[in-house]
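J.: Just a sequence and a predicted model for now, questions to come.
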Amino acid sequence: TNNGGEWATGVPTVFQHILSSFDTKIKLNDTYSDVTFNLKSIDLLNVDTKNTYTQGVDATIEPKSSGWGTPSEPETLSIYSGTMEVNSTSGQDIAETYTILMPQDFAASVEQIKIVYDVVTNYAGSEVTETVTVVKDLIDMYTSGWDAGSAYTLTITLGLNEILWDPAVENWDTGTAGTWNIN
């Protein structure tokens with residue numbers, strides 16, 4: 001076989017992801033002179049985090065297919081926790097939010113995302129902090145759920161009057177394969 005322009009012995013192996021990728025970004029809809037936004041936390045609520053994947057290689061099973069079993073109880077998954085000043089209108093990466101999850105379908109008022117942030121206003125020389133908590137159904141943003149092999153990025157836009165949600169999905173790139181010889 002030809003691997004990257006060089007001839008090598010072995011069997012070419014194609015790798016396909018059986019999981020989904022989820023990432024978040026955050027930005028401001030506008031800049032404000034006396035207002036600061038501080039992200040406190042992002043949590044995924046009631047998402048499937050544990051399951052068993054069966055590779056379809058058992059000759060006693062017909063048809064010979066691969067797939068996920070029944071997931072265990074849904075859980076809350078912390079995506080971010082800390083304090084991060086949101087200061088860009090073009091989008092900021094949130095440190096360590098890249099998460100690998102099982103593919104799953106969504107239902108109304110079940111799987112949700114919760115974001116907590118502070119709005120700090122400097123008013124007449126005094127600082128006033130308001131903590132805001134927003135919960136949003138994932139089905140409102142991802143109507144088909146999360147599919148295997150897809151990377152999902154959610155851009156959250158904060159403002160004084162509203163939060164805008166901008167979900168996106170892309171194919172998950174396959175890494176470069178090496179050569180694996182079986183003797």
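T.: Structure received.

J.: pretty sure I139 is in a strand, no?
T.: No: secondary structure of I139, determined by DSSP: H, G, I helix; E, B strand; the rest coil: helix, with no strand assignment.

J.: nearest residue to it other than its sequence neighbours?
T.: Spatial nearest neighbour of I139, chain neighbours left out: F106 (3.9 Å); criterion: C-beta to C-beta, 6 or more residues apart in numbering. No exception for glycine: its C-beta is placed from N, CA and C like everyone else's.

J.: And that neighbour, how far from G159?
T.: With distances taken as C-beta to C-beta, to the nearest Å, F106 is found 26 Å from G159.

J.: Check V128 too.
T.: 17 Å.

J.: Of those two, which one has the most company?
T.: Summary of the neighbour comparison: V128 and G159, criterion other C-beta atoms under 10 Å, with G159 having more neighbours (15 against 11).

J.: Low-confidence bits of this protein, can you list those?
T.: By pLDDT under 70, the low-scoring segments of the chain are 1-14, 57-64, 95-97, 163-165, 173-183.

J.: residue closest to the middle of it?
T.: Relative to the mean C-alpha position of the chain, the nearest C-alpha, by C-alpha atoms, centre = their mean, is the one of F22, at 1.7 Å.

J.: Quick check, it in contact with G145.
T.: No: using C-beta atoms under 8 Å, F22 makes no contact with G145, being 11.8 Å away.

J.: And the helix or strand where I115 lies, what does it pack against?
T.: I115 belongs to strand 112-123 when elements are defined using DSSP states H and E. For strand 112-123, the contact count by 3 or more C-beta pairs under 8 Å, 6 or more residues apart in numbering; DSSP states H and E identifies strand 35-47, strand 126-137, strand 150-158 as packing neighbours.

J.: Any chance of CSV for these, columns distance to D118?
T.: Formatted as CSV, the helices and strands packed on strand 112-123 follow (distance: least, C-beta to C-beta, whole Å):
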stretch, distance to D118
strand 35-47, 4
strand 126-137, 5
strand 150-158, 11
